[in-house]
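> the sequence and its predicted three-dimensional model are supplied below.
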Amino acid sequence: MNAILALAIKDLRLLFRDKVGFFFTFFFPLLYAVFFGAIFSGQGGGASAMKIVVVDEDSTEGSKAFIRELNESAELDVDIKNRDEATNLVRRGKRVGYVVLPQGFGKARGRVFGGDRVKIETGIDPGRSAEAGMLQGVLTKYMYQGIQDAFANPDKMRKQINESLAEVQSSEDMDPTAKATLQWFLPMMDRFLGELPKNEQSNRGWQNFDLESKDVAVQRGGPQNSYEISFPQGIIWGVMGCAAAFGISLVVERTKGTLVRLRIAPIGRMHILAGKAFACLLTTMAIPIALLLLGIIAFGIRPDSWVLLSAGIISISLCFVGIMMMLSVLGRTEQSAGGIGWAVLLVMALIGGGMVPLFIMPAWMQTVSHVSPVKWSILVMEGAIWRNFSVAEMVLPCGILIGVGLVCFIIGTKAFRWTEG
Amino acid sequence: MMRATMLQLTNVHKAFGAIVAVDGLSLSIRQGEVFGLLGPNGAGKTTTVNMAVGLLRPDQGTIELKGVGSPDQPYVRAKIGVATQALALYDDLTGEENLSFFGKLQGLSGRRLAERVGWALEFVTLSDRRRDRVKTYSGGMKRRLNLAVAVIHDPPLLLLDEPTVGVDPQSRNAIFENILALRKQGRTVVYTTHYMEEAQRLCDRVGIMDHGRLLALDTVEQLITAHGGRSILLAERTSGEVRVETDDPLAELLRLQKEGQLQRFRVERPDLERVFLHLTGRELRDA
């Protein structure tokens, strides 16, 4: 056991002293997890509010209230500028678009019936058509918000009706039939609103529902944030890098002659391989632990089950120790072992969801992914972090991982070349 | 008095496919001697060492560390120290860490390990570089560390396979001093080389190998006497150069002096190079 420990410590020391290897084992997975987590994050500045400029040519209480509503919305981040400045900002790509509130906007927005239609002008960067559609939707939403407010307030509504009735009566170019209809309808409406009970309970205009919001405990049916998806993927890259590094190091031991020295020592061959496997096991366990701790502390990852997560990490480590042993027999030289080894690992990652999440892939690809240990590795981590797996649900992926590791380890030890040539 | 046998090879054969590397080799290495295996590259020296340390199994014959057993067994290998021809060191570990690691594999630990590491570093005069990574060492320093790894566990038998290949004269001399010191301490050393002057300087007995076979085995003096031929006296006189083979160069020189004035002379004493030439018909360095 002392010899195995000495071999493992030596390998860990060599790994930590190889700056490039250390980077790809620990920091690259972290960068991967954080980078892709941030890209797909809907939180923490991930999907930021659309930046627009508003040109307020009306400059009334109504227009200012509208701008205030836009600014307080989650969808928009609003600056107020004059027309030239607004056009320039959009032209230079500093803002997605501009919105011009013309004179009379404030008055027209609160009006429900009749009157001149107000024309809101928008200017959009032509290269950002997706945002243009979104901006029109948001503007429509907040325009109708004004009408909704009017219907929810009978006094305000009656004032609007009387203003509209005065405009209808004074209008000379309105269609006579429409004019007659409105002259009949608007006073009826005014009377109806005037007869509504004034008590608090019923003073709610035409709003036919109450919306009550309660905080409830979140029942996990999906990831809490995008980092809960990107961290398992990043971890897999670290584990793969570790398996490759240790597999290649066995080849290097042979080509550089240190394996001869190890074989001369009074230890068995299995001790030598066990030492390498033990170092690989420790590292492949340290990577997920370190990254997940960081994810928990800094990126809001909240595992469902620590016990299942531990079981998953051990299964993954055992699997990749076996794969490490298998990789060590794929090439005679450091270069060939590295090249072939990484080619195998990249294919595993590609079809197993290590590069792109499996749920994005087509159905046939998801079926093919069953052959990749990367798929099962990600599944056990996700199962323990956010898929809310039961113990029974964890048994299959963990069993597959351990089985793959065992088979690969046996094949690797049998096929390992102890001598050059 | 004849010293006891430390390592016994009996009728050992080893072939790699059609190539016979060692062909019926029988050797008795005596306790406390420095035994030289001299021969050109490809003579079978390294294969012999690899079999003696258990890296290779002979196709025929036996190898035994007397009173202990076959080097196939780990506990037998613990009695052997090996300086391999290829430098077998971890470049990214320091000299001290290399020694400590290989010492642990030999079963050392704690204070004993620390003592042996310190001793080995002192022995090869690398104490001042103990905390430097091996990749910063010169070739000669690496060779010395390679030797230190071989002696870290204080083995009674040392197999040194071409331990001076590619080193500067200073490091070579340091390694020679180390080997002579080990002999003084009673260690048995098997030293393979293709440099006859090294064998001549260090070895109590020398076995000359070629094409996997042992051609001759004896002390350097006896080998020269038996196979080196006579000394050659080269004298230059006004009348021209004279070349005389003789068993007594001094007497011959006096005789030539009486015959006429000598301008200069040179005596070529027989050496292992001449022995090898005599035994194989080829020069050692050309073989």
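Here it is on my side, so go on.

> going forward, measure contacts between C-alpha atoms and count neighbours the same way
Fine.

> leaving out the residues flanking it, which one is nearest to the residue in the stretch 101-250 of chain B that chain A sits nearest to?
Residue of the stretch 101-250 of chain B nearest chain A, by Cα to the nearest Cα: B:L105 (5.3 Å). Using Cα to Cα, 6 or more residues apart in numbering or on different chains and skipping the chain neighbours, the partner closest in space to B:L105 is A:A3 (5.3 Å).

> that neighbour: neighbouring residues, count only.
24 (other Cα atoms under 10 Å in any protein chain shown).

> quickly find the element holding it.
Assigned by DSSP states H and E, A:A3 belongs to helix A:2-17.

> give me the residues contacting that helix.
Here helix A:2-17 makes contact (Cα atoms under 8 Å, 6 or more residues apart in numbering or on different chains) with A:21-22, A:267, A:271-272, A:274-279, A:283, B:92-93, B:101, B:104-105, B:107.

> name the residues of that helix that are buried.
A:3-12, A:14-15 (16 or more other Cα atoms under 10 Å in any protein chain shown).

> repeat that for stretch A:266-284.
Per 16+ other Cα under 10 Å, stretch A:266-284 contains these buried residues: A:266-267, A:269, A:271-284.

> tell me, how many neighbours does A:A392 end up with?
Neighbours of A:A392 (other Cα under 10 Å): 7.

> ok so, going back, how about the CA coordinates for the helix holding A:A3, as PDB?
Extracted C-alpha coordinates of helix A:2-17, given in PDB (Å, rounded to 0.1, in the frame of the first residue of the first chain):
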ATOM      1  CA  ASN A   2       2.900   2.300   0.800                       C
ATOM      2  CA  ALA A   3       4.300   1.800  -2.700                       C
ATOM      3  CA  ILE A   4       0.900   2.500  -4.300                       C
ATOM      4  CA  LEU A   5       0.600   5.700  -2.200                       C
ATOM      5  CA  ALA A   6       4.200   6.700  -3.200                       C
ATOM      6  CA  LEU A   7       3.400   6.200  -6.900                       C
ATOM      7  CA  ALA A   8       0.100   8.100  -6.600                       C
ATOM      8  CA  ILE A   9       1.700  11.000  -4.800                       C
ATOM      9  CA  LYS A  10       4.500  11.100  -7.400                       C
ATOM     10  CA  ASP A  11       1.900  11.300 -10.200                       C
ATOM     11  CA  LEU A  12      -0.100  14.000  -8.500                       C
ATOM     12  CA  ARG A  13       3.000  16.000  -7.900                       C
ATOM     13  CA  LEU A  14       4.000  15.700 -11.600                       C
ATOM     14  CA  LEU A  15       0.400  16.700 -12.600                       C
ATOM     15  CA  PHE A  16       0.500  19.800 -10.500                       C
ATOM     16  CA  ARG A  17       3.900  20.800 -11.800                       C
END
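
> following that helix, which helix or strand shows up next?
helix A:19-22.

> still on that earlier bit, the residue nearest to B:L105 and B:L121: what is the separation?
22 Å (Cα to Cα, to the nearest Å).

> does A:S315 belong to a helix or a strand, and which?
Short version, using DSSP H and E: A:S315 is in helix A:306-327.

> same for that helix, what does it pack against?
When contacts are defined as 3 or more Cα pairs under 8 Å, 6 or more residues apart in numbering or on different chains; DSSP states H and E, helix A:306-327 packs onto helix A:227-256, helix A:269-298, helix A:334-352, helix A:373-385, helix A:391-415.

> distance from the chain centre to it, please.
26 Å (Cα atoms, centre = their mean, to the nearest Å).

> next one: stretch A:304-311
With Cα atoms, centre = their mean, you get 23 Å for stretch A:304-311.

> same question, stretch A:187-194
52 Å.

> now stretch B:67-80
Per Cα atoms, centre = their mean, the centroid offset for stretch B:67-80 relative to its chain is 21 Å.

> any chance you could list what contacts it?
In contact with stretch B:67-80 (Cα under 8 Å, 6+ apart) are residues A:264-268, B:52-55, B:57, B:63-65, B:106, B:155-159.

> nearest to chain A within the stretch 1-150 of chain B, name that residue for me.
Counting by Cα to the nearest Cα, the stretch 1-150 of chain B gets nearest chain A through B:P74, at 4.0 Å.

> mind naming the longest strand for chain A?
When chain A is parsed with DSSP state E, its longest strand is strand A:50-56.

> give me the average confidence score over that one.
The pLDDT scores in strand A:50-56 average 88.

> also stretch A:322-331?
Rounded mean pLDDT across stretch A:322-331 is 90.

> list the buried ones in the helix ranked longest in chain B?
Counting residues, the longest helix found in chain B (DSSP state H) is helix B:169-184. Neighbour-count burial for helix B:169-184 flags B:171-172, B:174-176, B:178-180, B:182-183 (criterion: 16+ other Cα under 10 Å).

> need those in CSV with distance to A:E61 and pLDDT, can you?
Converted to CSV, those look like this (distance: Cα to Cα, whole Å; pLDDT from 0 to 100):
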residue, distance to A:E61, pLDDT
B:S171, 94, 86
B:R172, 97, 88
B:A174, 97, 89
B:I175, 97, 89
B:F176, 101, 91
B:N178, 99, 90
B:I179, 101, 91
B:L180, 104, 91
B:L182, 102, 91
B:R183, 106, 90
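
> okay, those in CSV with distance to A:G412 next?
As requested, the buried residues of helix B:169-184 are arranged in CSV below (distance: Cα to Cα, whole Å):
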residue, distance to A:G412
B:S171, 41
B:R172, 41
B:A174, 43
B:I175, 40
B:F176, 43
B:N178, 41
B:I179, 41
B:L180, 45
B:L182, 42
B:R183, 44
